[in-house]
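> Build me a structure from this.
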Amino acid sequence: MSNIAIEFNNVGKQYRLGRVGTGTLSHDINRWFQTSILRREDPYLKIGETNDRTTKGDSDYVWALRDISFQVEQGDVVGIIGKNGAGKSTLLKLLSHITSPSTGSIRYKGRIASLLEVGTGFHPELTGRENIYMNGSIMGMTKAEITRKLDEIVDFAGVERYLDTPVKRYSSGMTVRLGFAVAAFLEPEILVVDEVLTVGDAEFQKKAIGKMNDVATNGGRTVLFVSHNMDSVLNLCRNGILLENGSVKRIGDVKTIVAEYIGGINDRVSFQQHSSKSSVYISSLEFDGTDSNKKGIFSFSENLTFKIGFAKSANCVFDNRTVASIYIMSYNQARISCTEMSLSELQNSDNKLYQLSYPSSILLPGRYTIHVDIHIPNVCFCDQQDLCPFTITDDGTELLKYGRHDLGFIMLRPNVTSCVCG
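Residues are numbered from 1 along each chain as shown. Here you go, the predicted structure:
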């Protein structure tokens, strides 16, 4: 395990729905005897289903995680992503010793600091100062070592005025600030952070991501980061683990992992129609570019390019005034832009394919869809909505510090000149 900081070997975690333990005293005694005395596999783990929360299932036993195996090198920053219920938080809880694995083994090198939920590791009746010392002691630090770090922790968390106030009086944002500062500044070899950072404001999120980068880059420590914010994952992490229904779907470079994850969310990334009752209709629509682009994933610095085909029905009496309006829509159905295209070339052709390319660094990071209608003045032939969902990711702009809140959709860069007052 020379340069390996974390190793999961066939790890599984099983729960029995609706019950604590096995349900009967005899079963609990049998489980203890089989596992603790005879050192055999737990007999009650042989029943179980994959953790697919969309189906009811027939068994009371569910695998939150199953057959999880991976290694993380020392100093690596790994993003763990997946849909809700995929097993991300359970994996971090196993690593943090909050719960134990049902099968397999976990090995790690060094001290672990975790921030999994608001208030994790804090005693509500103790003050902020007392909780800092308590957490440091649990991590094996001396009082002198904690004292040397105290000013940095308090300054980063921004809670100096309330340092001697019981933590139960803190807001969720203050608690997260202090919790992250304690976890990051007490110099653990492994830092584990769940989605809890989203509780903080935009300024704190920027500071936290910057600190995690510093911990990994300059401190040589290992970071495991769970988030649904793909921009943060892409900017912070080098490698990724994609979980699906409690199993590892893919491990690798973070860009590849994020592309596969978003590709699974961006269903219907292409559209085909072979015939239509409309006289003129959309025959095809698909994205163009890299493999990630074809799955509907574009970075802020990439051109958005797609190909769209139009066709006309047999025996169609074509009107030369026919126009296609192509709208880029936000996911909440706001119209972002409109492109008008004349389809007069269909006069002498049954179908026509066009390529549209929108310049980079204009459409802000977020999720979008395409809406197309075909019409002549006052008459609409075809109206297709929610075509080909796509995602613009942030590949390192200053916009990331705002957490994508209230930025609008379009980046405009006007020519700015200073004027003489008066």
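> which stretches of the stretch 201-350 of the chain form strands?
For the stretch 201-350 of the chain, the strands defined by DSSP state E, counting those that start in this stretch occupy 222-226, 239-244, 247-253, 270-272, 280-287, 297-299, 304-312, 323-330, 335-342.
> For K88, find the nearest of those strands.
strand 222-226 (4.7 Å; Cβ to Cβ). For the C-beta atoms, the positions are set from N, CA and C on the backbone; glycine is no exception.
> any residues touching the closest one, and which ones?
Strand 222-226 is contacted from outside by 5-6, 72-81, 88-89, 92, 95, 110, 189-195, 212, 215-216, 232-233, 236-237, using Cβ atoms under 8 Å, 6 or more residues apart in numbering.
> From these, list the buried ones, please.
Among the contacts of strand 222-226, the ones that count as buried by 16 or more other Cβ atoms under 10 Å are 5-6, 72, 74-81, 88-89, 92, 95, 189-195, 212, 215-216, 232-233, 236-237.
> ok, back up a step: select from the contacts of strand 222-226 every entry located in helices.
88-89, 92, 95, 212, 215-216, 232-233, 236 (DSSP state H).
> Mean pLDDT added to the strands of the stretch 201-350 of the chain, as CSV?
Listed next are these as CSV, based on pLDDT from 0 to 100:
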stretch, mean pLDDT
strand 222-226, 88
strand 239-244, 91
strand 247-253, 90
strand 270-272, 71
strand 280-287, 90
strand 297-299, 88
strand 304-312, 92
strand 323-330, 91
strand 335-342, 91
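> I'd like these laid out as CSV, including mean neighbour count and distance to T165.
Output for those, formatted as CSV (neighbours: other Cβ atoms under 10 Å; distance: least, Cβ to Cβ, whole Å):
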stretch, mean neighbour count, distance to T165
strand 222-226, 25, 30
strand 239-244, 22, 38
strand 247-253, 15, 43
strand 270-272, 14, 57
strand 280-287, 20, 53
strand 297-299, 24, 44
strand 304-312, 20, 50
strand 323-330, 18, 42
strand 335-342, 12, 46
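> Turn those into CSV, columns for distance to P389.
Below are the strands of the stretch 201-350 of the chain laid out as CSV (distance: least, Cβ to Cβ, whole Å):
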stretch, distance to P389
strand 222-226, 24
strand 239-244, 19
strand 247-253, 20
strand 270-272, 11
strand 280-287, 10
strand 297-299, 10
strand 304-312, 12
strand 323-330, 10
strand 335-342, 14
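> Which of these sits closest to M174?
Using Cβ to Cβ, the nearest of the strands of the stretch 201-350 of the chain to M174 is strand 222-226, at 21.8 Å.
> which secondary element of the protein has the worst mean pLDDT?
Using mean pLDDT, DSSP states H and E, strand 49-50 stands out as the lowest-scoring helix or strand of the chain, at a mean of 50.
> Helix or strand: which one has the residue nearest to P188 when sequence neighbours are not counted?
For P188, ignoring the flanking residues on the chain, the nearest one in space by Cβ to Cβ, 6 or more residues apart in numbering is A113 at 3.6 Å. Assigned by DSSP states H and E, A113 belongs to strand 112-115.
> Next, the buried residues of the following helix or strand past that strand.
The helix or strand immediately downstream of strand 112-115 is helix 128-138, counting by DSSP H and E. Across helix 128-138, burial judged by 16+ other Cβ under 10 Å covers 128-136.
> Could you save those residues as JSON lines and add columns showing distance to A183 and pLDDT?
Shown next, in JSON lines, are the buried residues of helix 128-138 (distance: Cβ to Cβ, whole Å; pLDDT from 0 to 100):
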{"residue": "G128", "distance to A183": "14", "pLDDT": "91"}
{"residue": "R129", "distance to A183": "16", "pLDDT": "92"}
{"residue": "E130", "distance to A183": "17", "pLDDT": "92"}
{"residue": "N131", "distance to A183": "12", "pLDDT": "89"}
{"residue": "I132", "distance to A183": "11", "pLDDT": "90"}
{"residue": "Y133", "distance to A183": "14", "pLDDT": "91"}
{"residue": "M134", "distance to A183": "13", "pLDDT": "90"}
{"residue": "N135", "distance to A183": "8", "pLDDT": "83"}
{"residue": "G136", "distance to A183": "11", "pLDDT": "83"}
